[in-house]
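Asker: what's the 3D shape of this:
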Amino acid sequence: MQPKSQTLFHFTKNLEFLKDILKTGFWPRYCLEDMKWYTGSESQSAYPIVCFCDIPLSRVDEHVNFYGRFGIGVTKDWARKNGLSPVLYINENTNQHLALKNLFGQNLKGAPYYKNSSVDINTIMTHIKPTEGVMFINEQFIQKEFYQENEWRYSVVGDENITKIKPFIYEKDYKDRYTLEQLNEKSKVSYSLKISPSDIKYLFVNSDSDIPDVINFIQTELDHYPSAEIKILMSRVISLETISRDM
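Answerer: All right, here's what the predicted structure looks like:
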């Protein structure tokens, strides 16, 4: 069994989110990250990102129970063309962790490096995670071993004066529902990653009963694509119910 796949998987909580991705693209939302490795204290910051996992199909079942039972498998070729990259996992108190903490820590103190150095630091920080830590999901923090996910990410980075969206927000803003919705909507309008049927290798739904709904959506909402691509895309739809039975 291969430890990884030629496909990257993204999972979501419900069918409507899946349809939205098919129609408008992957939406970079602000996701709360464990920043203890950086600040040395129990702190969280949120970055506008889209997350994927690089795991074999045989491990999909354990993953969806955590992130949601609807999803899309995309080609790594699409991922590379759209600027996705694997995250860097850092084990706490290693030489690498301490070096990064010392380097980035000067930024916390407001120490100058060079013009726009803070932009470069934020760009790197969107792709660094501890091997394990806490994750905020379903309105609560839980302990998680992050490195097992082999995560790839797309992040919105750059000078805020150019991107027009915040490179990160603090936990208090993330937990303000109105503020979060406004920021996420702004990110969606400007930075959603478009996807076409030829980029998709799998379309996951929860149960067999969800398949007709997805097929109908593809036929009616994605009919501007060539007929041959639509037919192939419909053949990619599979239920997790079926996969579970065959594992």
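Asker: just checking, what packs against the longest strand seen in the chain?
Answerer: Longest strand of the chain, by residue count under DSSP state E: strand 44-53. Contacts defined by 3 or more CB pairs under 8 Å, 6 or more residues apart in numbering; DSSP states H and E place strand 44-53 against strand 7-12, strand 29-34, strand 151-155, strand 169-170, helix 171-174, helix 177-191. For glycine as for every other residue, the C-beta is placed from the backbone atoms N, C-alpha and C.
Asker: for it, what is the average pLDDT?
Answerer: Mean pLDDT, strand 44-53: 94.
Asker: Verify the stated contact: residue 191 with residue 48.
Answerer: Yes - judged on CB atoms under 8 Å, residue 191 makes contact with residue 48 at a distance of 7.1 Å.
Asker: Please put the alpha-carbon coordinates of whichever helix or strand comes after the longest strand of the chain into PDB.
Answerer: Proceeding N to C from strand 44-53, the next assigned helix or strand is helix 60-67, under DSSP states H and E. The C-alpha coordinates for helix 60-67 follow below in PDB (Å, rounded to 0.1, in the frame of the first residue of the first chain):
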ATOM      1  CA  VAL A  60     -10.000   8.200   3.700                       C
ATOM      2  CA  ASP A  61     -12.600   6.600   6.000                       C
ATOM      3  CA  GLU A  62     -10.700   7.600   9.200                       C
ATOM      4  CA  HIS A  63     -10.200  11.100   7.800                       C
ATOM      5  CA  VAL A  64     -13.900  11.800   6.900                       C
ATOM      6  CA  ASN A  65     -15.100  10.900  10.300                       C
ATOM      7  CA  PHE A  66     -13.300  14.000  11.600                       C
ATOM      8  CA  TYR A  67     -13.700  16.600   8.700                       C
END
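Asker: quick one: residue 34 and residue 44, what's the gap?
Answerer: The span separating residue 34 from residue 44 equals 6 Å under the rule CB to CB, to the nearest Å.
Asker: just residue 129 next, same as before
Answerer: To residue 44, residue 129 is 13 Å away according to CB to CB.
Asker: ok so residue 225 is a strand residue?
Answerer: No - under DSSP: H, G, I helix; E, B strand; the rest coil, residue 225 sits outside any strand and is assigned coil.
Asker: Tell me where this structure is predicted with low confidence.
Answerer: 1-5, 106-114, 246-247 (pLDDT under 70).
Asker: Just give me the neighbour total for residue 56.
Answerer: Residue 56 has 15 neighbouring residues, counting by other CB atoms under 10 Å.
Asker: about what we covered before: what about residue 191 and residue 48, which has more around it?
Answerer: Using other CB under 10 Å as the criterion, residue 191 and residue 48 rank with residue 48 on top: 26 against 19.
Asker: my read: the more buried one touches residue 29, true?
Answerer: Yes - contact criterion CB under 8 Å: residue 48 and residue 29 qualify, at 6.7 Å.
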